[in-house]
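Asks: okay, predicted coordinates and the sequence, questions at the end:
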Amino acid sequence: MNAGSTFEDRFQRKWIYEEIVDHIPPFKWLPSTYAVVAQLLLVETVGVLAFIYFQMAAEAAIFGSLAILYTVVWSAGCLYVIPWLRRLRDPTNKLEREVLHDYKARLLLKRRYELVGGLACFGAVVAYLIYDSDYLLYFLGTGFGNPLLTILILVLAWDVSYRMGLSLVTALLTAWRSISLSSAARKRMGLAYTAYSEVRTLKYLDMINLYWGISAVLLLPLALSSSVLLLGLVIFLVGIIGLSTLSLMSMETVPWFPPDVESILHYERFAYVSACSNSQPHVTPVIFVYDGKYLYFAISVASAKYRIIKMNSKIAVLVDMRDSKNPMKNRAVLLRGKGMILGEINLLGIFKMFLYGLWLLRVRNLFGRKYPQYMKYYVEQARELPPAWRNKPFLSRLIVRLEPERITYWREARPTALRA
Amino acid sequence: MKRVPQLYERDIMTLTLPQKSHTKKSSTIPDAALKLLREGFFAYLGTAEPGCEPHVTAMFYLWDKSTKTIYLVTSKGSKKVLNIRRNRNVSVTIDQRDPVSPAGNSGVMIQGKAFLIEMELAPEELMLKYMEKYIDFLGTGYPLGSRIAIRVTPKSISYWRGTEFFKWKNPKK
């Protein structure tokens, strides 16, 4: 997959399943998407032939196909997720870097972790099939006891077990990683952090992991006729869902920016918004709040800012710590990205309110806490103020939400570009 | 908690849209704006990258009252210089912050054209004044060699104090 890496390197980082796709014909001649389809067709053909030859029950064909479908869905997910995971870039915080390295090493390098779950599942399934032979007898009919068919059944059982086991191990490692990452992130110092694009990628992969685990629902019909298998499957699903939820929730607590930047965004009281129309920039001071992810500021519907941002949503916001006596105390953060206007009275605006309305209540609350005197002023002076200045949501005041895409941090006039 | 005035409530009920803000056109630069320009310490320079992507930085500046221009000094390799080489339209904002009441906030925004001037060619008198203004910051080791001056000639100057807005347009444009 990666042309630059050596053979040794590639060999070390592959899962067994990927090795098979890479080295065994006919899969190795095909691009990965076709390899998955070829796998589906191959196993399904063998299955159908066995079904016709041994005259099995109709359920056997349907449920068996579902099991094969599960292995295929899993494989597609695996071939999609793993390259992403290998491409992750390193955090600048040492602790977080260690957490991610450990995670990647455990997941991709150590066969032990890869096989332990699969072997456990396989052992349990085989033990159960030997113990409760009526279960197989029902599905297989006359073919029961045929050595070739037994091999096919064992291969299928291994296929399914290996995947379920690996899903469970992955979910476990992921949850462990998220919790460690979140606690490592709390010990950040200065400018050390994990770029948020990486955190977002990890969260996205966790979501896929969850769907991936839940695809085991396809095995439900097969397990329904046996209470032991059903119990096993339910425990598996609950485990996957629980661990993934835990992981996603821990990832939510990882802050977006390094502590130096966060403290400026939380405690400084003024920001300078620059917008641009007809290649003419426009800079004005605003009051703002930062909720840990986005920066919000309020604008008046009569302002030039509103007119400009509506046409060109690209904005830059500078938040600075300034001190005209001590040069060392001057720091600034420049956030650049797209501004989204919330609270407009039009069709799209109302739809956005439906999506972000509750969050805006929180933003209003943040404004109240950060600028109590300002809010008091707006309430007390409402009568004297010109209409465009009044603090009325929707009518005269709109909120702009900035999602930072590029970040620059200055300390004593030396800029540092940080990745979003 | 004080009772909310009635006008405020009625406006919410009747959903009246606010009028446009009252910007007063002024034929001269307001004195208060000139005072702010003379006394301010930090300026915020907005430039535009290609594709009208804005960029804004905090800078030191000097207002030259005789030519009605503003001088800023920066390093040659900085982003803003690069932006100005491609697009000369800039905006400079100098403001006074009041953390207690929005009525106490005042500021000046200059929109105009920027010119890059090599330090050797920049008016010496102004550069000396500039060094004097920021003596605490620039110190002795100020690397003049890598610096470049930016002169901004205003096309328009907006001034605001509390709820009042004034706008002056340069007739010589």
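Replies: Nice, I can see it.

Asks: what comes up buried for stretch A:87-94?
Replies: A:L88, A:P91, A:T92, A:N93 (16 or more other C-beta atoms under 10 Å in any protein chain shown). (Glycine included, C-beta is placed from N, CA and C.)

Asks: can you name the residues that contact the nearest residue to B:D98 once chain neighbours are set aside?
Replies: Closest residue in space to B:D98, ignoring its immediate chain neighbours: B:G104 at 3.0 Å, by C-beta to C-beta, 6 or more residues apart in numbering or on different chains. Each residue near B:G104 by C-beta atoms under 8 Å, 6 or more residues apart in numbering or on different chains is listed here: B:Q96, B:D98, B:G162.

Asks: now go through these and say which are in helices.
Replies: Using DSSP state H, no member of the contacts of B:G104 sits in helices.

Asks: just the buried ones among those residues, please.
Replies: In the contacts of B:G104, nothing passes as buried (16+ other C-beta under 10 Å).

Asks: give the buried residues for stretch A:99-107.
Replies: Quick answer for stretch A:99-107 (16+ other C-beta under 10 Å): A:V99, A:L100, A:Y103, A:K104, A:R106, A:L107.

Asks: export these to JSON lines and tack on distance to A:A302?
Replies: Shown next, in JSON lines, are these (distance: C-beta to C-beta, whole Å):
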{"residue": "A:V99", "distance to A:A302": "50"}
{"residue": "A:L100", "distance to A:A302": "49"}
{"residue": "A:Y103", "distance to A:A302": "52"}
{"residue": "A:K104", "distance to A:A302": "53"}
{"residue": "A:R106", "distance to A:A302": "58"}
{"residue": "A:L107", "distance to A:A302": "55"}
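
Asks: helices along chain B, start to end?
Replies: Using DSSP H, helices in chain B cover B:6-14, B:31-39, B:79-86, B:124-133, B:135-138.

Asks: can you report how many residues neighbour A:W29?
Replies: 9 (other C-beta atoms under 10 Å in any protein chain shown).

Asks: next, work out how far apart it and A:L191 are.
Replies: 48 Å (C-beta to C-beta, to the nearest Å).

Asks: got it, and A:K28?
Replies: A:K28 is 45 Å from A:L191, by C-beta to C-beta.

Asks: looking at those two, which one has more neighbours?
Replies: Using other C-beta under 10 Å as the criterion, A:K28 and A:L191 rank with A:L191 on top: 16 against 12.

Asks: distance of the more buried one relative to A:P91?
Replies: For A:L191 relative to A:P91 (C-beta to C-beta), the value is 11 Å.

Asks: just A:A67 next, same as before
Replies: 40 Å.

Asks: which non-adjacent residue is nearest residue 158?
Replies: No chain specified, so I'll use chain A. Nearest to A:W158 is A:F122, by C-beta to C-beta, 6+ apart, at 5.5 Å.

Asks: that was the other one, I meant chain B.
Replies: Computed as C-beta to C-beta, 6+ apart, the closest residue to B:S158 that is not its neighbour in sequence is B:M109, at 4.6 Å.

Asks: contacting residues for the one you found?
Replies: Contacts of B:M109 were listed using C-beta under 8 Å, 6+ apart, and they are A:H282, A:V283, A:T284, B:S91, B:V92, B:T93, B:I157, B:S158, B:Y159.

Asks: just the buried residues of stretch A:87-94 now: which is nearest chain B?
Replies: A:T92 (21.9 Å; C-beta to the nearest C-beta).

Asks: just say helix, strand or coil for the residue nearest to the closest one when sequence neighbours are not counted.
Replies: If the residues on either side of it in the chain are set aside, A:T92 comes closest to A:A192, at 5.1 Å by C-beta to C-beta, 6+ apart. Put simply, A:A192 is coil when judged by DSSP: H, G, I helix; E, B strand; the rest coil.

Asks: same check, this time on A:F351
Replies: Under three-state DSSP, A:F351 falls in the helix class.

Asks: before we move on, which element is the closest residue to A:L295 other than its chain neighbours in?
Replies: Leaving aside its chain neighbours, A:L295 sits nearest to A:L402 (4.5 Å; criterion: C-beta to C-beta, 6+ apart). Here A:L402, judged by DSSP states H and E, is contained in strand A:397-411.

Asks: what mean pLDDT does that strand have?
Replies: Model confidence over strand A:397-411 averages 87 on the pLDDT scale.

Asks: quick one: list the elements packing against that strand.
Replies: helix A:259-267, strand A:295-300, helix A:304-311, strand A:314-321, strand A:331-342, helix A:347-370, strand A:414-419 (3 or more C-beta pairs under 8 Å, 6 or more residues apart in numbering or on different chains; DSSP states H and E).

Asks: any chance of those in a markdown table, plus mean neighbour count and mean pLDDT?
Replies: Shown next, in a markdown table, are those (neighbours: other C-beta atoms under 10 Å in any protein chain shown; pLDDT from 0 to 100):
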| stretch | mean neighbour count | mean pLDDT |
| --- | --- | --- |
| helix A:259-267 | 18 | 87 |
| strand A:295-300 | 22 | 90 |
| helix A:304-311 | 18 | 89 |
| strand A:314-321 | 23 | 92 |
| strand A:331-342 | 21 | 90 |
| helix A:347-370 | 13 | 85 |
| strand A:414-419 | 13 | 71 |
